[in-house]
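A.B. asks: kindly return the folded structure for what I paste below:
(one chain, ligands or ions: 1)
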Amino acid sequence: MRMYDLIYAKKTGAALSPEQIAFWVEGAARGSVPDEQSAALLMAICWRGMTVPETLALTLAMRDSGERVDLSAIPGLKVDKHSTGGVGDKTTLILGPIVAACGVPCAMFSGRGLGHTGGTVDKYAAIPGLRVELSQDEFRQSLRATGFANSAQTGDITPADRKLYALRDITATVESIPLITASIMSKKLAGGADALVLDVKCGAGAFMKTRDDARTLARSMVAVGQAHGMRIKALITRMEEPLGWAIGNALEVRESVQILKGGHAGSDLARMSFRLAAEMLLLGGAAPALAEAEAQVADCVASGRAMATFRAWVAANGGDPAALDDFTRLPGSAHRLEVRADRAGTLQAMDSRALGILAMEMGGGRAAKDDVLDLGVGIEVHRNVGDAVEKGEPILTLHHNGRTGNPLPAGWVDIEDRPCPKAPWLLETIEPG
Ligand code: URA
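C.D. replies: Numbers count the residues shown, from 1 in each chain. The predicted structure is shown next:
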């Protein structure tokens with residue numbers, strides 16, 4: 001087989017066979033296929049797309065390029081969640097302990113942040129002592145002991161994805177639905193869970209800017225999961241403003257704990273986290289219908305069981321559970337700076353990407369892969385789209401340690417005299433066909 005023929009075939013719109021795709025992916029991971037040929041094929045895929053069978057074959061080849069996590073010794077259906085990423089998205093920290101406390105083993109692998117979106121692993125790093133790089137044995141042990149395991153990717157999972165993602169990043173080939181599908185789903189299939197709830201974000205602050213693109217990506221991932229025997233469902237959710245009041249690692253831990261203790265119950269963040277948790281319970285077989293699953297979630301939070309599970313999980317993985325009750329034990333910041341409304345009116349829009357970049361420039365996120373984070377800095381968001389504001393009222397408080405970042409771009413917030421109805425956070429759900 002020759003890479004030249006694969007590139008030519010895809011360039012002219014032909015479909016590749018599973019054998020051809022496996023040849024490419026194995027060669028890319030091992031180094032026997034040169035980067036320029038992988039880059040050319042990636043670009044051809046961006047333009048020509050892939051059929052569902054090709055996307056399935058690519059996902060499988062990437063899954064099989066490295067180790068797989070074996071969770072079969074742990075009883076019950078293991079559930080996982082994936083979000084395509086947004087600013088202030090801390091739902092994983094909230095739903096993990098809830099799902100586990102409701103009796104469904106919750107096994108998740110999470111990433112570090114890069115650019116304007118944060119990563120779950122960085123948020124956990126703000127909890128003193130907490131270990132988030134677990135071996136497979138430690139991951140299984142956490143799952144057995146607390147019903148919950150959440151770690152940075154362990155061992156050598158999907159090395160082909162690491163290789164190809166790095167090439168996509170420098171060749172403007174990240175935005176391709178089959179490539180995104182295979183990248184995400186190969187890691188999820190290798191992670192060993194039986195069921196997966198997908199949160200596909202849609203809007204100005206997300207990867208997928210339009211509802212049509214979000215729907216196509218969601219359908220593609222659901223089809224791949226279903227074909228591999230996973231129980232799977234996708235929620236398409238709005239990402240037009242930061243999720244919750246906190247952006248920044250320690251601040252996001254604080255907000256998650258407040259919600260697990262019953263606070264901010266009406267916020268989009270709480271409602272989204274509880275709904276995702278309920279969907280995980282449904283897929284995990286713990287409830288016969290959504291209403292029952294939602295009632296279990298509400299009871300688990302109100303009774304304190306969710307918070308007790310979070311404390312137990314933190315302690316079991318070397319962290320300081322007292323930091324969840326005494327926030328002075330979390331990393332902090334020395335300075336505060338208010339950003340105020342320059343006019344009165346109703347908030348129409350807020351540029352979450354600009355806020356994510358500001359948090360990154362303050363030290364809370366990574367511009368480059370090896371940047372060291374300042375876990376105590378971040379942004380408190382005081383107002384949401386649809387809220388009335390007075391001139392001079394603080395909209396943001398920056399928590400900083402001397403770096404305040406570049407000024408926010410003109411138009412980062414839109415305040416006008418007309419009312420602005422609150423848009424729903426959940427746009428639609430996608431089930432297997
Ligand atoms: N996240 C991933 O893991 N892979 C992609 O291709 C895009 C987002």
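
A.B. asks: going forward, measure contacts and count neighbours with C-alpha atoms only.
C.D. replies: Will do.

A.B. asks: thought G113 was touching R366?
C.D. replies: Yes. Assessed by Cα atoms under 8 Å, G113 is found in contact with R366 at 6.6 Å.

A.B. asks: which one of these two has more residues nearby?
C.D. replies: Taking neighbours as other Cα atoms under 10 Å, G113 and R366 compare with R366 leading, 24 against 21.

A.B. asks: any idea how far the ligand is from that one?
C.D. replies: Distance, R366 to the ligand, by Cα to the nearest ligand atom, to the nearest Å: 16 Å.

A.B. asks: spatially nearest residue to that residue (excluding sequence neighbours)?
C.D. replies: Leaving aside its sequence neighbours, R366 sits nearest to L114 (Cα to Cα, 6 or more residues apart in numbering; 5.1 Å).

A.B. asks: partners of the one you found in the sheet?
C.D. replies: For L114, the beta-bridge partners are T117 (DSSP bridges).

A.B. asks: tell me, what's the model's pLDDT at the residue of the stretch 51-200 of the chain at minimum distance from the ligand?
C.D. replies: Proximity to the ligand, evaluated over the stretch 51-200 of the chain using Cα to the nearest ligand atom, is greatest for I180 at 3.6 Å. As predicted, I180 sits at a pLDDT of 95.

A.B. asks: try D417
C.D. replies: Predicted confidence (pLDDT) at D417: the value is 96.

A.B. asks: ok, how many other residues are close to it?
C.D. replies: Counted with other Cα under 10 Å, the burial measure for D417 works out to 12 neighbours.

A.B. asks: and what of R343?
C.D. replies: 15.

A.B. asks: if we can go back for a sec, does the residue nearest to R366 really touch A367, like I thought?
C.D. replies: Yes. Distance between L114 and A367: 6.3 Å, which falls inside the contact criterion (Cα under 8 Å).

A.B. asks: doesn't F109 belong to a helix?
C.D. replies: No. According to DSSP: H, G, I helix; E, B strand; the rest coil, the state of F109 is strand, so it is not within a helix.

A.B. asks: circling back to that earlier point, can you report phi and psi for the residue of the stretch 51-200 of the chain closest to the ligand?
C.D. replies: The main-chain torsion angles of I180 are listed as degrees, to the nearest 10 and equal phi -70, psi -40.

A.B. asks: quick check: residues of the chain near the ligand?
C.D. replies: Residues of the chain lying close to the ligand (Cα under 6 Å from any ligand atom) are 174, 179-180, 183-184.

A.B. asks: and those residues as TSV, adding distance to I127 and neighbour count?
C.D. replies: Written out in TSV, the entries for those read as follows (distance: Cα to Cα, whole Å; neighbours: other Cα atoms under 10 Å):
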residue	distance to I127	neighbour count
V174	32	19
L179	34	24
I180	31	20
S183	29	21
I184	27	18
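
A.B. asks: mind checking which of these are in strands?
C.D. replies: Using DSSP state E, the subset of the residues of the chain next to the ligand located in strands is empty.
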